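[1] predicted structure and sequence below. I'll ask about it afterward.
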Amino acid sequence: MNLIFLGAPGAGKGTQSVAVAEILNIPHISTGDIFRYNIKEGTPLGKEADSYISKGQLVPDDLTVSIVVDRLNKDDCKDGFILDGFPRTIYQAEALDKFMASVDKKIDYAVNIQVDEDSLVDRLSKRRFCPACSGTFHVDYTPLTSDDCPTCGAKLIQRKDDTPEVIKERLETYHEKTAPLTDYYSEKGCLLNVEGVPGIEKSLKNTLTALGIEK
Ligand code: AP5
Ligand code: MG
């Protein structure tokens, strides 16, 4: 399956798409993770991306599209993939469609995780993130007994863009640039709206049911 995960910052795109990718045994591709890795490594891409991400703005379209197209051209994407956080603008969605048409494929579903604004802010402010393995936790919903990542043991941090000011900017950017994608995919007949209810397992179950996947 070729899948896209849409939804506001904090909706649970990463949490759910990692789980679905594991079940389907297909690669999980997060543009946010790619940018954060490059920021950590201090690459030129990381420096450029950081200047936008730290302000809650989108990284420019052409740069983002070229990174995703390079990734989708890799062999492991032949039998399907999940894109988490891409596309985020109509321009990116059209570029993705062009790429998919050029390889004679299409996006099967765009999963749109719907969560109310207060819960989004709560989820982002209480998120803990592992800079080593990109593991993502929530202080109320995922059992954490220490500051160490339960998966790899590295020190958990709060993401730099999870401050109240940047969260506000990210939500505004989402409403202006990304929310219109739900109409875009609805018109194509592949939009699946999913309630991102409280509780990671319950929310994941909604997504799996919508996709017709038995766990
Ligand atoms: P990105 O990393 O994609 O961030 P985002 O879209 O803001 O989304 P988040 O990762 O913050 O949230 P999420 O939906 O993945 O939620 P999560 O699963 O972590 O992008 C970062 C930045 O990079 C962007 O702002 C932009 O600058 C740039 N960028 C990225 N892609 C780009 C693109 N295509 N074009 C241009 N720029 C781009 O969950 C959040 C928290 O909630 C966690 O703590 C989790 O444990 C918890 N949680 C999850 N589900 C539930 C649940 N059901 N109940 C309770 N808690 C839950
Ligand atoms: Mg994410």
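    Received the coordinates, thanks. Ligands and ions are numbered 1, 2, ... in the order given.
[2] and the next element down the chain from the helix or strand hosting Ala49?
    Per DSSP states H and E: Ala49 is located in helix 44-53. Note on helix 44-53: by DSSP H and E, the next helix or strand toward the C-terminus is helix 61-72.
[3] quick one: buried residues of that next one?
    Asp61, Thr64, Val65, Ile67, Val68, Arg71, Leu72 (16 or more other CB atoms under 10 Å). The C-beta positions use only the backbone N, C-alpha and C, and glycine is treated the same way.
[4] ok, which of these also contact ligand 1?
    Contacts with ligand 1 within those, counted by CB under 6 Å from any ligand atom: Thr64.
[5] in the protein, what residue lies closest to ligand 1?
    As assessed by CB to the nearest ligand atom, ligand 1 sits closest to Gly32 within the chain, at 1.9 Å.
[6] can you confirm that residue is in a helix?
    Yes: per DSSP: H, G, I helix; E, B strand; the rest coil, Gly32 lies within a helix segment.
[7] residues contacting it?
    Counting by CB atoms under 8 Å, 6 or more residues apart in numbering, Gly32 makes contact with Gly14, Ile53, Asp84, Gly85.
[8] quick one: it and Thr142, what's the gap?
    Separation of Gly32 from Thr142 (CB to CB, to the nearest Å): 19 Å.
[9] which residues in the chain form strands?
    Along the chain, the segments classed as strands by DSSP state E run 2-7, 28-30, 81-84, 109-114, 127-129, 136-138, 191-195.
[10] of the buried residues of helix 61-72, closest to Pro9?
    Using CB to CB, Thr64 is the member of these that lies nearest Pro9, at 16.0 Å.
[11] can you tell me how far that closest one is from Arg71?
    Taken as CB to CB, the span from Thr64 to Arg71 is 11 Å.
[12] what of Gly10?
    Plainly put, Gly10 is 24 Å away from Arg71 if you go by CB to CB.
[13] state the mean pLDDT of stretch 81-96.
    What stretch 81-96 shows for mean pLDDT is 98.
[14] endpoints of that stretch, how far apart?
    13 Å (CA to CA, to the nearest Å).
[15] any residues touching it, and which ones?
    With CB under 8 Å, 6+ apart, stretch 81-96 has contacts from 2-5, 13-14, 17-18, 20-21, 24, 26-33, 58, 61, 64-65, 68-69, 72, 107, 177-178, 180-181, 184-185.
[16] roughly how far is stretch 45-54 from the heart of the chain?
    Here the centre of stretch 45-54 is set off from its chain's centre by 17 Å, with CA atoms, centre = their mean, to the nearest Å.
[17] list the buried residues in that stretch.
    Across stretch 45-54, burial judged by 16+ other CB under 10 Å covers Leu45, Gly46, Glu48, Ala49, Asp50, Tyr52, Ile53.
[18] you'd agree the fifth one is up against Tyr37?
    Yep, that's Asp50 we're talking about. No: the pair Asp50 and Tyr37 fails to qualify as a contact (CB atoms under 8 Å) at a distance of 11.8 Å.
[19] my guess is Glu48 contacts Leu63, does it?
    Yes: if you go by CB under 8 Å, Glu48 and Leu63 touch, sitting 7.1 Å apart.
[20] so what's the residue nearest to Ile4 when sequence neighbours are not counted up against?
    Of all residues not flanking Ile4 in the chain, Ala110 sits nearest, at 4.4 Å (CB to CB, 6 or more residues apart in numbering). Listed by CB under 8 Å, 6+ apart, the contact set of Ala110 reads Leu3, Ile4, Phe5, Leu6, Leu181, Thr182, Tyr185, Cys190, Leu191, Leu192.
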